[in-house]
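Enquirer: pasting a predicted model and its sequence here:
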Amino acid sequence: MSAASTPARTADPSEPAAPRPAAAARPDRTGPLTWVQQEWLPEQPDAQKSSHEDNQFRQLDIAPLGLGPVRSAVRAVLARHEVLRSRIVGLGPQAHQAVDPVDPGWEQVLETTALDVWDAAVAAARRTSFRLSRQWPLTLLAGTEDRHGRVSRIAMVVDHWAADGLGVVALLDDLTAALQAAALGVEWIPAGPVEQPIDLALWESATPAGADHLERSVAYRRQQFERLKRGLGDHRPSPGGGPLPGGTRLGFPGCTLTSVRLAEAATVVADRLRVPAAAVFLAAFSTAIGAAEQVGIVGTFMLSANRLTPAALRSVRNAVMSAPVVLAVSPPGGFAETVVNAAAQQLQGLRYANTAPHLKHAVTEEVLGDLRHSGVASAIFNFMPESALRGDRVPAIVRDAPCDVIEPMPVRGTAAERMVMVTLREDRVTITLRWREDTSWQQHAEPMLRYTADLVLHEAAPGPRPPVFGG
């Protein structure tokens, strides 16, 4: 049966998308998980009640196009990217991935809905908790605008295990190009080869080059942790954080700040120092942690895109790993130096972020011990630039947020113990803190957020007095 001849499924906007079984055909191939896939592997792939909170989403508006060409384009994209038709087989250390054939399973991922119920259908699709051993990690929603069933809008929902922000942008680019080719009635010629997860996993686990990289990346982490521990001296972690007793449930509050002038200030500082804007915010937030915890050195974990080749950049997959950044807290007048140091460590992190999770956790535990769950050694820093947000419209809560006002976020049921997310768009920046309620951030989050902003603003346009934490 051709891609154009079978009708797409119709979405029900009243309920979250139900799990759909993958194709019953034998897999095209099976193989190990990449280190990144191991890092993000759910404990129970078929019981992720809240996994939808981390789903990746993008939306694409197109010139009205018949459903047949849309289906052809979707099939071509799924044939190109193996992770979109992969399932997790087994649990824990025994888990591996199975890549299913394109046919007939690709028909299960595409649904249609009328544009007059589009918002409700998208909301339902975004609430999908993918059952990763039984279904592919992708839902595509096609919005039809008239009685002829022509498609003018497509939404993509991908489980975070399968794709990160840059991965879903790669999906957006490929689907856009495939749709353009289908509209013209010509064959889609992709931009170039892509890195498939199984191929990367085999390089990591079964080649001398992969073993050499692993040795260097673990040594880099050890070096960073030892420098942090020496700098902290006899510092003792504040209460809170770490593993919870069985059955204990705690919430994850948050707070957020949106600012136009802060985005402008960060750009001024970055341009002056010739560093990425991410380094400005990383330095500022590390300094804020140091002020809150009253220490002179701080370790954070910077999330790294971990895409070092053209094939990796074109790949739809999750490539995010964390790399340790250790920064001395800047004295008055020394913030610029901290920014430059942060930028240098970002470059090193790009090289060494990709690491086998079991060795990464082992060296962290060995060197840091009780410090590993403390406020000075556990915060995750995530930076999202405009380039990684194509197809993701500014949420109303951000678009309509009052500028330069710290506002509380809804409490989540799951999150990292301590995390800061910086989203830098063309006209504004949004900084969001999220923490477990038994940590020191319950007390310090809002002052840290305000101090972070004050540091950047002061560096861009120095005033008579430097900013003061809590002032």
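Expert: That came through fine.
Enquirer: pull the longest helix from this structure.
Expert: Counting by DSSP state H, the longest helix found in the chain is helix 208-232.
Enquirer: elements contacting the very next helix or strand once past that one?
Expert: On the C-terminal side of helix 208-232, the nearest following helix or strand under DSSP states H and E is strand 252-259. Taking 3 or more CB pairs under 8 Å, 6 or more residues apart in numbering; DSSP states H and E as contact, the helices and strands that strand 252-259 lies on are strand 407-412, strand 429-435, helix 441-460. All C-beta atoms are positioned from the backbone trio N, CA, C, and that covers glycine.
Enquirer: what sits against the residue nearest the centre of the chain?
Expert: When CA atoms, centre = their mean is applied to the chain, the residue found nearest the centroid is Asp164 (4.7 Å). Going by CB atoms under 8 Å, 6 or more residues apart in numbering, Asp164 touches Gln56, Ala305, Arg317, Asn318, Ala319, Val320.
Enquirer: roughly how far does it sit from Ala453?
Expert: 27 Å (CB to CB, to the nearest Å).
Enquirer: sec struct for Val325, please.
Expert: Counting by DSSP: H, G, I helix; E, B strand; the rest coil, the backbone at Val325 sits in strand.
Enquirer: surely it meets Leu347?
Expert: No: using CB atoms under 8 Å, Val325 makes no contact with Leu347, being 11.0 Å away.
Enquirer: which of the two has more neighbours?
Expert: Higher neighbour count among Val325 and Leu347: Val325, with 25 against 11, using other CB atoms under 10 Å.
Enquirer: quick check: the gap between the more buried one and Val405.
Expert: Applying CB to CB, the value for Val325 to Val405 is 29 Å.
Enquirer: kindly report the same for Val456.
Expert: Using CB to CB, one obtains 17 Å as the distance from Val456 to Val405.
Enquirer: compare the two (neighbour count), which wins?
Expert: Neighbours were counted for Val456 and for Val405 using other CB under 10 Å; Val456 has more, 31 against 10.
Enquirer: pretty sure the more buried one sits against Ala270.
Expert: No: Val456 is beyond contact range of Ala270, at 9.8 Å (criterion: CB under 8 Å).
Enquirer: common neighbours of those two, please.
Expert: Jointly contacting Val456 and Ala270 under the rule CB under 8 Å, 6+ apart are Val280.
Enquirer: and after the helix or strand hosting Asn341, which helix or strand comes next?
Expert: Assessed by DSSP H and E, Asn341 sits inside helix 335-352. Remark: after helix 335-352, the chain's next helix or strand is helix 357-368, criterion DSSP H and E.
Enquirer: what packs against that next one?
Expert: When contacts are defined as 3+ CB pairs under 8 Å, 6+ apart, helix 357-368 sits against helix 35-39, helix 208-232.
Enquirer: for this structure, which strand is longest?
Expert: Using DSSP state E, we find that the single longest strand of the chain is strand 56-65.
Enquirer: by contact count, what packs against it?
Expert: Using 3+ CB pairs under 8 Å, 6+ apart: strand 56-65 touches strand 151-158, helix 165-184.
Enquirer: can you point out the buried residues in it?
Expert: Within strand 56-65, the residues scored as buried using 16 or more other CB atoms under 10 Å are Gln56, Phe57, Arg58, Gln59, Leu60, Ile62, Leu65.
Enquirer: how about stretch 363-376?
Expert: Neighbour count says stretch 363-376 has Val363, Thr364, Val367, Leu368, Leu371, Arg372, His373, Ser374, Gly375, Val376 buried, by 16+ other CB under 10 Å.
Enquirer: of all those, which comes closest to Gly31?
Expert: Val363 (26.3 Å; CB to CB).
Enquirer: that closest one against Ser217, yeah?
Expert: No: look at Val363 against Ser217 with CB under 8 Å: they stay out of range, at 9.9 Å.
Enquirer: care to break this structure down by domain?
Expert: Using automatic domain parsing, the domain ranges for the chain come out as 9-201, 212-460.
Enquirer: got those as CSV, with distance to Pro466 and mean pLDDT columns?
Expert: Shown next, in CSV, are these (distance: least, CB to CB, whole Å; pLDDT from 0 to 100):
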stretch, distance to Pro466, mean pLDDT
domain 9-201, 34, 86
domain 212-460, 5, 90
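Enquirer: switch those over to a markdown table; also include distance to Gly470.
Expert: Shown next, in a markdown table, are those (distance: least, CB to CB, whole Å):
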| stretch | distance to Gly470 |
| --- | --- |
| domain 9-201 | 32 |
| domain 212-460 | 5 |
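Enquirer: and of those, who's closest to Phe469?
Expert: Closest approach to Phe469 among those is made by domain 212-460 (3.7 Å; CB to CB).
Enquirer: next, the distance between the ends of that closest one.
Expert: Start-to-end span of domain 212-460 (CA to CA, to the nearest Å) is 42 Å.
Enquirer: if we only consider the buried residues of strand 56-65, which is nearest to Pro104?
Expert: Among the buried residues of strand 56-65, Leu65 lies closest to Pro104 (CB to CB), at 22.5 Å.
Enquirer: give the contact list for that closest one.
Expert: Arg150, Val151, Ser152, Leu179, Ala182, Ala183.
Enquirer: and of the residues you listed, the nearest to Arg221?
Expert: Nearest to Arg221 among the contacts of Leu65, counting by CB to CB, is Leu179 at 42.7 Å.
Enquirer: what sits against that closest one?
Expert: By CB under 8 Å, 6+ apart, Leu179 lies in contact with Leu60, Ile62, Leu65, Pro69, Val70, Ala73, Ile154.
Enquirer: any chance of those in JSON lines, plus distance to Ile380?
Expert: Shown next, in JSON lines, are those (distance: CB to CB, whole Å):
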{"residue": "Leu60", "distance to Ile380": "30"}
{"residue": "Ile62", "distance to Ile380": "36"}
{"residue": "Leu65", "distance to Ile380": "41"}
{"residue": "Pro69", "distance to Ile380": "42"}
{"residue": "Val70", "distance to Ile380": "38"}
{"residue": "Ala73", "distance to Ile380": "36"}
{"residue": "Ile154", "distance to Ile380": "32"}
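Enquirer: tell me which of the residues you listed is nearest to Trp435?
Expert: Closest to Trp435, out of all of those and judged by CB to CB, is Leu60, at 34.5 Å.
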